[in-house]
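*Asks:* Just to be clear, the model below is a prediction. Sequence and coordinates:
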Amino acid sequence: MVHLFRLSALTSLTLALVSCDSFNRPLGDSSNPLDSPGRGMVVADDPYGPAFTPGTFLQTISPNTAIFSRFPRENDQPNKVLPDLTDVKVISTKGSYVKIEVVDTGEVGFVPSVMLGEKRSPNEVPVTLGAGEIPVTPGMALDPSDVPFVAPEPEIPGIEPPVVIDPSRPAE
């Protein structure tokens with residue numbers, strides 16, 4: 001009798017866990033709590049990577065940017081590797097990949113969106129500002145050999161050793 005109770009409890013628990021599968025999917029923008037269960041079960045857009053508008057011109061920001069001739073699957077290897085600062089044009093986006101056209105060669109393929117960025121000069125280092133940071137305007141730095149070294153004023157006045165009193169002398 002006890003084994004029958006355990007078996008039915010285990011079966012109930014298994015069925016309950018299997019039915020929870022529909023609750024673990026991400027909800028899209030079109031979710032309506034009044035819809036029937038299972039209706040409109042669409043996977044939300046991939047929130048990873050930057051969103052690029054089709055038609056914008058970008059550059060690769062990695063020296064070894066992988067390019068795939070078709071949308072990559074789990075075990076696909078890249079067909080080619082693009083060098084850093086390669087000019088590309090965005091055709092479309094799909095998940096965390098961007099379909100691009102290489103400006104110089106006209107080659108079309110898919111590139112991970114995190115390997116693309118705004119156009120910059122080859123001498124420029126890409127800087128991502130954090131919250132509350134202010135961009136620094138470039139200017140002429142002072143030549144350290146022209147500036148005389150001056151020690152800063154001490155923040156705390158000097159400490160003198162205490163006066164030692166001779167114990168053999170009478171008190172005044």
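*Replies:* The structure has been received and is ready for your questions.

*Asks:* State whether residue 93 and residue 51 are indeed in contact, as I suppose.
*Replies:* Yes - using C-beta atoms under 8 Å, residue 93 is in contact with residue 51, at 6.7 Å. C-betas here are computed from N, CA, C, even on glycine.

*Asks:* Output the longest strand belonging to the chain.
*Replies:* If you go by DSSP state E, the chain has its longest strand at strand 87-94.

*Asks:* As PDB, could you dump the C-alpha coordinates of that strand?
*Replies:* The C-alpha coordinates for strand 87-94 follow below in PDB (Å, rounded to 0.1, in the frame of the first residue of the first chain):
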ATOM      1  CA  ASP A  87      34.100  48.600 -43.300                       C
ATOM      2  CA  VAL A  88      30.800  46.800 -43.500                       C
ATOM      3  CA  LYS A  89      27.100  47.800 -44.200                       C
ATOM      4  CA  VAL A  90      24.300  46.300 -42.100                       C
ATOM      5  CA  ILE A  91      21.700  44.400 -44.200                       C
ATOM      6  CA  SER A  92      19.600  43.000 -41.300                       C
ATOM      7  CA  THR A  93      19.800  41.500 -37.800                       C
ATOM      8  CA  LYS A  94      18.700  38.100 -36.600                       C
END
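
*Asks:* From the contact counts, what lies against that strand?
*Replies:* strand 57-60, strand 97-102, strand 108-112 (3 or more C-beta pairs under 8 Å, 6 or more residues apart in numbering; DSSP states H and E).
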